[in-house]
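Chemist: Here is the input, now give the coordinates:
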Amino acid sequence: MLIGEVTMSEFKKSLKKTRTLIVPFGTVEAHGGHLPLNTDTLIIREVVRKAAGRVNAYMAPPIQYGVCTSTSLHPGTIGITPETLRRLVTDIVGDAFRKGLRNFVLISGHGGSLHVSAMKEAAEAIVSGGSFKGIKIAALSIYEILGKEAWEIAETRNDSHAGEMETSLVLHLAPKLVKGRAKEEYPRLPKPILVSDKLRYWKGAVWGDPSKATAEKGERLFDLMVKGVEELVERLEKIRV
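Modeler: Have a look, this model is predicted:
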């Protein structure tokens, strides 16, 4: 169920059937020269839409912006700070709790470390704060619940961003948005050293080999993601806190 498309009366009535809200988090971020800037949002939006329908949970409107570090200088990337993301999580979850929701899955289509950490830090503060008795929260990137089956689908061993997997997913979900294939690329960022000019080390915003992508692989990956979210919601609703 899409929470933004029900009336207040329908929402109040539905609390007898579900108190679970899944919040998808995406980005406006460069994904090579072949994928749209909303790739992360597109993927997680469709995964959550399907999973929420199967487990009778609410889906919140996607959070369209995220913390983008490695791609911060690439054309089209529009990011927010970790502080802003933590505030969004805190406000959305807090007010939804006050309206009667109790179980929250905060799931990101973007796997950036600072982005996911900000989500988890905010969720941890809510759970540990003592102001929201009985609240249950899971905060994660969708890629944290993909097991070895996903890597058996992907041929690229070091695939991560706008490569084989994400290109396959967009080919499955919105093929008209895929503009050819960018070249295979892997960032040369001198980790753990931090640099300001990230474009110097990662020009194309691709981490993997988009040429290996297919819609069939995307469909299989998508089904694994949906299944993973379904299982997570079921676990969250059953666990005692």
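
Chemist: need the contact list for the closest residue to R87 other than its chain neighbours.
Modeler: Residue nearest to R87 in three dimensions, not counting chain neighbours: A122, with 7.8 Å by CB to CB, 6 or more residues apart in numbering. Every C-beta, even on glycine, is put in place using the N, C-alpha and C of the backbone. A122 sits next to L85, R86, R87, V89, T90, V93, A139 when contact means CB atoms under 8 Å, 6 or more residues apart in numbering.

Chemist: do the same with K99
Modeler: F11.

Chemist: how far does the lowest-mean-pLDDT helix or strand in the chain sit from the chain's center?
Modeler: Among the helices and strands of the chain, helix 148-153 carries the lowest confidence by mean pLDDT, DSSP states H and E, at a mean of 88. Helix 148-153 has its C-alpha centroid displaced from the chain centroid by 19 Å (CA atoms, centre = their mean, to the nearest Å).

Chemist: likewise stretch 54-72?
Modeler: In terms of CA atoms, centre = their mean, the centre of stretch 54-72 is found 5 Å from the chain centre.

Chemist: distance between the ends of it?
Modeler: With CA to CA, to the nearest Å as the measure, stretch 54-72 spans 36 Å from end to end.

Chemist: need the longest helix for the protein.
Modeler: Longest helix in the chain by number of residues (criterion: DSSP state H): helix 215-238.

Chemist: Identify all contacting residues around that helix.
Modeler: By CB under 8 Å, 6+ apart, the list of residues contacting helix 215-238 from outside reads 20, 22, 43, 46-48, 50-51, 54-55, 57, 103, 105, 107, 136, 138, 142, 145-147, 149-150, 153-154, 164-165, 167-173, 175.

Chemist: Give me the buried subset of those residues.
Modeler: Buried subset of the contacts of helix 215-238 (neighbour count, 16 or more other CB atoms under 10 Å): 20, 22, 43, 46-48, 50-51, 55, 57, 103, 105, 107, 136, 138, 142, 145-146, 150, 153-154, 164-165, 167-173.

Chemist: which stretches of the chain form strands?
Modeler: Along the chain, counting by DSSP state E, strands occupy 20-25, 58-59, 103-108, 136-141.

Chemist: Out of those, which is closest to K183?
Modeler: Nearest to K183, of all the strands of the chain, is strand 136-141, at 25.6 Å by CB to CB.

Chemist: surely N38 meets Y65?
Modeler: No: using CB atoms under 8 Å, N38 is not in contact with Y65; the gap is 10.3 Å.

Chemist: what is in contact with the two at once?
Modeler: The contact lists of N38 and Y65 share G26, T27, V28, where a contact means CB under 8 Å, 6+ apart.

Chemist: For the nearest residue to the first one once chain neighbours are set aside, give me its contacts.
Modeler: Read that as G26. In this structure, G26 finds its nearest non-sequential neighbour in T41, 2.6 Å apart by CB to CB, 6+ apart. Listed by CB under 8 Å, 6+ apart, the contact partners of T41 are P24, G26, T27, V28, P62, Q64, G109.

Chemist: Can I get those in a markdown table including neighbour count, distance to I193 and pLDDT?
Modeler: Shown next, in a markdown table, are the contacts of T41 (neighbours: other CB atoms under 10 Å; distance: CB to CB, whole Å; pLDDT from 0 to 100):
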| residue | neighbour count | distance to I193 | pLDDT |
| --- | --- | --- | --- |
| P24 | 28 | 33 | 98 |
| G26 | 22 | 29 | 98 |
| T27 | 28 | 24 | 98 |
| V28 | 19 | 27 | 98 |
| P62 | 19 | 34 | 98 |
| Q64 | 16 | 31 | 97 |
| G109 | 27 | 28 | 98 |
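
Chemist: quick check, nearest of those to W202?
Modeler: Checking those against W202 by CB to CB gives T27 as the nearest, at 15.9 Å.
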